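3D, please:
(one chain, ligands or ions: 2)
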Amino acid sequence: MFNILVTGGAGYVGSHTCLKLLEEGFKVIVLDNLANSSIEALNRVQILANRSLIFIHGDIRDSSCLDRIFKTHQIDAVIHFAGLKAVGESQQIPLEYFDNNISGSLNLFNAMQRASVYNLVFSSSATVYGELHKSPLNETMCTGTTTNNYGYTKLIVEQLLEKLSQSDPRWSIALLRYFNPVGAHPSGLIGENPRGIPNNLMPYVTQVAIGAREKLSIFGQDYETIDGTGVRDYIHVMDLANAHLCALQNRINRSGCRAWNIGTGRGASVLQVIKAFKDINGVDVKYEFAPRRDGDIAICYADNQRAVSELGWIPQYGLEEMLRDSWNWQKQNPNGFNKG
Ligand code: NAD
Ligand code: UFG
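Ligands and ions are numbered 1, 2, ... in the order given. This next block holds a predicted model:
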């Protein structure tokens with residue numbers, strides 16, 4: 001049996017990936033400091049999978065904790081989700097972002113090397129493409145001009161891993177560049193649990209729909225897009241989770257560092273999302289137009305052919321399922337993982 005260390009496994013993408021890993025028979029060891037997640041997510045993952053995982057409450061910046069984990073469990077590969085991800089916050093507290101996302105990652109890679117574990121899947125982001133290119137974005141396009149500190153941390157870690165693998169062929173590294181993860185497990189038991197005011201479109205939409213927030217502000221109505229609002233490539237979190245398994249299965253022990261876009265290859269505008277949400281779920285989402293948000297681009301969607309052909313990864317869910325499952329999760333868990 002393959003033993004996988006999942007850093008940040010209690011979080012949104014991590015919890016769905018842990019479920020998939022358990023369902024496929026992997027042994028799962030989660031390291032998470034619960035800075036942005038709840039242990040309840042992992043309780044529910046274990047109920048859904050009818051199997052247990054090992055949870056370690058700790059921090060990727062803690063070397064002795066990492067060494068203990070690698071010593072106790074025969075880890076074969078690491079899926080590295082742990083980090084901070086709020087774009088706006090990263091402008092206010094940059095050092096926290098550099099420390100968690102860059103120093104924390106380096107600390108993890110050092111511990112992996114001490115334990116002779118060289119298989120890694122890293123959560124990267126389409127943000128590394130910056131504003132330079134026209135969609136569809138493909139992996140041969142150069143990276144290097146991110147617009148915020150969060151994006152910068154992803155870019156730096158990608159570049160470190162690239163250099164590391166060039167210098168040391170023992171490393172086998174998959175960089176998965178996520179587009180816009182949305183949706184939830186179809187059971188509605190696990191999903192995205194943002195703290196405070198959501199930054200991202202989908203949790204904001206579902207919170208307006210359930211009455212927790214008055215209305216959505218649509219950031220910009222004069223982009224050069226089909227209806228003036230921003231276009232993104234939304235990807236169902238179950239498809240995203242599956243991409244990690246494909247990366248593990250197809251890349252494990254292959255020398256080198258390679259990037260894959262994980263998106264559907266199709267874009268939807270904010271207004272299209274709101275309309276589809278109403279058509280599918282029968283619920284109106286009140287909105288108003290607001291000025292453009294700093295750092296936003298008009299259109300961002302993936303060319304996903306590399307992931308399809310090299311990883312054998314094919315997205316199964318369309319926008320309809322994404323909106324259905326996002327709403328299902330919100331309805332069943334109006335307070336996220338918090339009770340009451
Ligand atoms: P999330 O915040 O739900 O999950 C991240 C997890 O890491 C949380 O459980 C948090 O408690 C944990 N964590 C944070 N710092 C830690 C530390 N120092 N030590 C141990 N655990 C720590 O976020 P997510 O949406 O599941 O994203 C997972 C990864 O994917 C992140 O690296 C994120 O940057 C990346 N990503 C996310 C998106 C997105 O829109 N959700 C898009 C592109 C990339
Ligand atoms: N939007 C609104 N109102 C909101 C929130 C978002 O109109 O309240 C719009 C945005 O302007 C954008 C679209 O909805 O046009 C999607 O916005 P999100 O914040 O959901 O997603 P982004 O594309 O801005 O950012 C996401 C991730 C980042 C990642 C980036 C690039 O949140 O982590 O994709 O991959 F860096």
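
Let me see the ranges of the helices in the stretch 101-250 of the chain.
104-114, 149-167, 201-209, 237-251 (DSSP state H, counting those that start in this stretch).

Can I get those helices in TSV including distance to residue 328 and mean pLDDT?
Any C-beta I mention is one placed from the backbone N, CA and C, and that applies to glycine too. Listed next are those as TSV, based on distance: least, C-beta to C-beta, whole Å; pLDDT from 0 to 100:
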stretch	distance to residue 328	mean pLDDT
helix 104-114	33	98
helix 149-167	29	97
helix 201-209	10	97
helix 237-251	13	96
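
Run a quick neighbour tally on residue 291.
Neighbour count for residue 291, taken as other C-beta atoms under 10 Å: 10.

ditto for the one 10 residues further on
Other residues within reach of residue 301 by the criterion other C-beta under 10 Å amount to 22.

And it, how close does it get to residue 164?
30 Å (C-beta to C-beta, to the nearest Å).

Check which helix or strand residue 55 maps to.
strand 54-57 (DSSP states H and E).

for whichever helix or strand comes after that strand, packing partners?
Using DSSP H and E, the next helix or strand after strand 54-57 towards the C-terminus is helix 63-72. Other elements packing on helix 63-72 under the criterion 3 or more C-beta pairs under 8 Å, 6 or more residues apart in numbering; DSSP states H and E are strand 27-32, helix 104-114.

can you list the ones you listed in JSON lines and add distance to ligand 1?
What follows is the helices and strands packed on helix 63-72, written out as JSON lines (distance: least, C-beta to the nearest ligand atom, whole Å):
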{"stretch": "strand 27-32", "distance to ligand 1": "5"}
{"stretch": "helix 104-114", "distance to ligand 1": "5"}
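
Of the ones you listed, which stretch is the most buried?
Highest mean neighbour count of those: strand 27-32, a mean of 25 (counted as mean count of other C-beta atoms under 10 Å).

partner strands of that one, parallel or antiparallel?
Sheet pairing for strand 27-32, assigned by DSSP bridges, gives strand 3-7 (parallel), strand 54-57 (parallel).

out of those strands, nearest to ligand 2?
Closest to ligand 2 of those is strand 3-7 (C-beta to the nearest ligand atom; 17.3 Å).

so where's the stretch 1-150 of the chain uncertain?
1 (pLDDT under 70).

what residues does it put near ligand 2?
Where the stretch 1-150 of the chain comes near ligand 2, counting by C-beta under 6 Å from any ligand atom, the residues are 85, 87, 125-127.

from these, which are also near ligand 1?
Okay, of these touching ligand 1 (C-beta under 6 Å from any ligand atom), that's 85, 125.

Which members of the residues of the stretch 1-150 of the chain next to ligand 2 are positioned in strands?
Residues from these lying in strands, with DSSP state E as the criterion: residue 125.

any chance of the residues of the stretch 1-150 of the chain next to ligand 2 in TSV, plus distance to residue 245 and neighbour count?
Output for those, formatted as TSV (distance: C-beta to C-beta, whole Å; neighbours: other C-beta atoms under 10 Å):
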residue	distance to residue 245	neighbour count
85	22	22
87	28	20
125	19	23
126	20	23
127	24	24
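
Identify, out of the strands paired with strand 27-32, the most deeply packed stretch.
strand 3-7 (a mean of 25).

ok, and the closest non-adjacent residue to residue 164?
Leaving aside its sequence neighbours, residue 164 sits nearest to residue 171 (C-beta to C-beta, 6 or more residues apart in numbering; 5.8 Å).
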